[in-house]
Every structure is written in C-alpha cells, then in structure tokens.
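Enquirer: This is a predicted model, with the sequence first.
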Protein chains: 2
Amino acid sequence: MDSKKNEIIEKAGSVFMKYGIKSVTMDDIARELIISKKTLYQYFEDKNDLVIEIIKNKTLSDKCICDDTSKNAKNAIEELFEVSKYVSQMMSGIHPSIFFDLKKFHPEAWKIIYNHKWDFVYQLILQNIERGISEGLYRNDVHKEIVAFFYVSTTDLIADSDFLYKNKFTSDEIFKENILFHLHGLMNEKGKEIFNQII
Amino acid sequence: MDSKKNEIIEKAGSVFMKYGIKSVTMDDIARELIISKKTLYQYFEDKNDLVIEIIKNKTLSDKCICDDTSKNAKNAIEELFEVSKYVSQMMSGIHPSIFFDLKKFHPEAWKIIYNHKWDFVYQLILQNIERGISEGLYRNDVHKEIVAFFYVSTTDLIADSDFLYKNKFTSDEIFKENILFHLHGLMNEKGKEIFNQII
DNA sequence: ATTTTTGGAAACATTTTTTGTTTTTTTTGT
DNA sequence: ACAAAAAAAACAAAAAATGTTTCCAAAAAT
C-alpha cells in the first residue's frame, strides 16, 4: 500500500479517536494532517471509506499483535494473560463515543469490528482454552464455547458500562479485575501455580 | 430549581459526557431519559440552553466541592493536595472530544468553563499560595501569579495532550505526577515534613 | 527562463442531519 | 366521560458537512 495513504490512515485515526468521528469533519482532518481536502479525496472516496480503512487497519494490526503474543507465550495461561492485557489496555483507551459514532454513522465499519470480535477474538479464546486443557493447566470440564462467549461479551459490557461513570474505578482497573476473574475461572490447581509465577 | 429540570440536567449531562455532545441529538436525549422531545423543550429553550445549564451546574458543583475541601483542610498543603486530587480525577474522566465539541459548537458554554478556570481555580491557587506562605509551609519567594498560571495551564495541557495517546500512561498517572511536581515546587523544608505525613 | 503539473485554499452546490415545531395519538387524572 | 398532559410521529426549516470545482501559488519538468 501507498505509504502516503497509510500515513493518512494512521494520523486520521488518531484524530478521530481523540476528538470523535462525527465531530471531526474532513476539513478538520485535512487541517490536522496539513494537506488539502482535495489531496485527501485523491486517496479516499469519501469519509466513510476513510473510516472503514482506519478500522480495517486497526483490526489487522490487532490480529498481528495477538498472533505474535500467542506465538511467544510459553503456555495457555501466559497467552491468555498477555493477550488480555493487550486487549484491555487498548479498549481502555477507546471512549464510548467512538463506538456510538461508528454504530450510528458508519455501520459498515461497525460491522468489521463486530466480526473481528466474534470471528477472530472468539476463536482465539476457544483455541486458548483447548490449549490450556491439553497442557493440563485448565479444568477439563470447561464448556469452552460458553466461556469464550462470556469473555467477548464482558469486554463489551465493560467498555460501555455506566458503572464507570458512577464510581471511582478506571476502565483499566475493571478490565484488570476481569482478566483475573476469567483466568481463575479457567485454571486448575496446577495452572494456578504457574500463574502465580507469572504475576 | 424544579427537581424535574434538575434531573434532566444531571442525566443529560451523563449521556453527553459518555457519547459526545455533537453526536448525541435531542432525540437521543429524550429517548435515554424516557421522555418526549416536547417535554424536553418545555424545560429548555434549545440544545444550546441545555448544554449551558449542564455546564453551569457542573462548574457550580465543582466550586462547592472545592470550597468544602478547602474549609476542611488543616493547612495549605493538604488543601492543595486534596483539591488537586479532586480536579485531577474529574479531568481524567473527561474525554478530549467533549472540550472539542464545546469549543466548536457551544462557545458560550465553553466560555463558562474558561472563566471558571481563570476566575475560580486561578484565584483558589493564588489564595492557597498566600495561605501556605503565611503558614510558613511554602517558600516565601514564590512568584504566586506565575505559579498559579502554570498550575491552571498544565491542567489544560495534560487533558489535551497527544502524549497520552502515544504512551502507556493513563491521564490519572500524569495528573498525579503533576500534583507532586507542583507541590514540591512550592514547599519549603517544613512543608515537606508535613507533606510526608499526609501521603 | 518558461511551461506544465500538482497541491493548497477558497468557494460552491448538494446532501445529510439535526433542530425546533406542530399534529396526532395515547395516557393520565378527575 | 371528558379534559389535560405527555408521548410518538410527522414536518418544515436551519445548520452543518460533504464532496466538487475553481482559482492561485508553488514545485517540477523541460
């Protein structure tokens, strides 16, 4: 891909994440990137196209990071812990208004995120559970599809919950607790010993 | 003030803070509050009026909390520490897109915040410095106007800085460091001893 | 040095979205 | 049963943004 186009995708992504997708106009993007709107439209058909490209770029990047993290993990626990840490940190940095705007004004881009979660992340958790059971670190009576469903669903709940706005916790703290809770639900005794060496 | 009106102000404020001021329409507000738009317009002239009332309510509430905090503080250091803790926590919870939207679409409400900072908060810091000097806890060669200016300015910088988006710190962490830095810039030796008893 | 091409800035016409208002329907209170 | 109030739906107007075109300046090519 054209490196100029890629630079626009990265930078525009940052501006949208910071100030909101609906609120930030193509005029604002051009101004922030110090290019003219005409130049911007040479690379992207319209605003929706730009937003979709940004989301595609982001989900692809997430996949790569998660794949690397999985490969480098010594066992299922470390894999789940490190992947979850990455996902949590990333989600903590995304304000709920971003998802609100995507859903309302860019349904196609929203669909990409939705599919990313239910295809990629869900599968990743499923495979992690299989790995954990075969490594003898997870309880072998775990119903893996339900747990994977629970994992993906609670990530959404936390990101959009009013709980944050009514209490003094940061989303970071809540995500952290969620990781711990989830891991403790999966591990057997042997797994817990391994886990205590990681922390 | 009418308690129904106040309830709308509180709840609408929460919705705007969560999903963005520009993005959230009056239709959305009515839906979230489970009232009709017609009812909403019985209490507020227009969207701008609602936004202004929300901001007024918020800055007034901030004033009360800061006043209480100041009154209850045993000395200037505790006062500044507790007020700063409150301000930091509050600012950490506000996404930059909120300020972006206020500035762009509701300049009158933006002005209220701006004045709140440069009238109320600035004066509060000035008075705290005077208090600290007269209590013998701050260095008495502090140039109080410049320090107060610096305090108010860095709060803005942190809230809007790209630094957050490029690094792993949370705004919470950065605000915390800022409080410590600021206090250490003000205190004399006696003050530092008092401070170490608070932490 | 001159000409051509490219990109920026500004202006513009069109589209989209939201606003604020009005009408219709439903619910509530007496 | 009737009147009043609130909700839901429809509506006209306004505002904002989009995407396109024009004009101009700067950069590149000759």
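Expert: Right, received. Where do you want to start?

Enquirer: quick one: terminal-to-terminal distance for stretch A:18-33?
Expert: Using C-alpha to C-alpha, to the nearest Å, the span of stretch A:18-33 from its first residue to its last is 14 Å.

Enquirer: Go ahead and confirm A:Ser84 touches A:Ile179.
Expert: Yes - at 4.4 Å, A:Ser84 counts as touching A:Ile179 under the criterion of C-beta atoms under 8 Å. All C-beta atoms are positioned from the backbone trio N, CA, C, and that covers glycine.

Enquirer: So in chain A, where's the weakest helix or strand by average pLDDT?
Expert: helix A:163-166 (a mean of 62; mean pLDDT, DSSP states H and E).

Enquirer: mind listing what's buried in the helix or strand just after it?
Expert: Once helix A:163-166 ends, the next helix or strand along the chain (criterion: DSSP states H and E) is helix A:171-186. Across helix A:171-186, burial judged by 16 or more other C-beta atoms under 10 Å in any protein chain shown covers A:171-176, A:178-179, A:182-183, A:186.

Enquirer: tally of neighbours for A:Ile34?
Expert: Neighbour count for A:Ile34, taken as other C-beta atoms under 10 Å in any protein chain shown: 7.

Enquirer: go on, A:Asn72?
Expert: Number of residues near A:Asn72 (other C-beta under 10 Å) recorded here: 10.

Enquirer: Please name the nearest non-neighbouring residue to it.
Expert: Closest residue in space to A:Asn72, ignoring its immediate chain neighbours: A:Glu82 at 7.9 Å, by C-beta to C-beta, 6 or more residues apart in numbering or on different chains.

Enquirer: which intervals of chain A have sub-threshold pLDDT?
Expert: Applying pLDDT under 70 to chain A flags residues A:1, A:162-168.

Enquirer: Show me what from it comes close to DNA strand D.
Expert: Selection of chain A residues close to DNA strand D by C-beta under 7 Å from any atom of the strand yields A:23, A:25-27, A:37-38, A:41, A:46-48.

Enquirer: Now with 10 Å, please.
Expert: For chain A, the contact set with DNA strand D under C-beta under 10 Å from any atom of the strand comprises A:21-30, A:36-42, A:44-51, A:105.

Enquirer: Among those, which ones lie close to chain B?
Expert: With C-beta under 8 Å from any C-beta of the partner chain as the criterion, the subset of the residues of chain A next to DNA strand D in contact with chain B comprises A:22-24.

Enquirer: In chain A, which residue is most central in space?
Expert: A:Val87 (4.8 Å; C-alpha atoms, centre = their mean).

Enquirer: The helix or strand hosting that residue: what's the following helix or strand?
Expert: Assessed by DSSP H and E, A:Val87 sits inside helix A:76-92. As assigned by DSSP H and E, the chain's next helix or strand after helix A:76-92 is helix A:96-105.

Enquirer: what helices or strands is that following helix leaning on?
Expert: On a contact count with 3 or more C-beta pairs under 8 Å, 6 or more residues apart in numbering or on different chains; DSSP states H and E, helix A:96-105 meets helix A:107-115, helix A:144-160, helix B:3-19.

Enquirer: Whether that helix contacts DNA strand C - can you check?
Expert: Yes - with C-beta under 10 Å from any atom of the strand as the criterion, DNA strand C is reached by helix A:96-105 at A:101, A:104-105.

Enquirer: before we move on, back to that, can I get the helices and strands packed on helix A:96-105 in CSV with mean neighbour count and distance to A:Thr59?
Expert: Output for those, formatted as CSV (neighbours: other C-beta atoms under 10 Å in any protein chain shown; distance: least, C-beta to C-beta, whole Å):
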stretch, mean neighbour count, distance to A:Thr59
helix A:107-115, 16, 6
helix A:144-160, 16, 14
helix B:3-19, 17, 22
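
Enquirer: mind checking which of these is nearest B:His116?
Expert: B:His116 lies closest, by C-beta to C-beta, to one member of the helices and strands packed on helix A:96-105: helix B:3-19, at 15.3 Å.

Enquirer: picking that back up, out of the residues of helix A:96-105 next to DNA strand C, give me the one that has the most neighbours.
Expert: Highest neighbour count within the residues of helix A:96-105 next to DNA strand C, by other C-beta under 10 Å: A:Asp101, with 25 neighbours.
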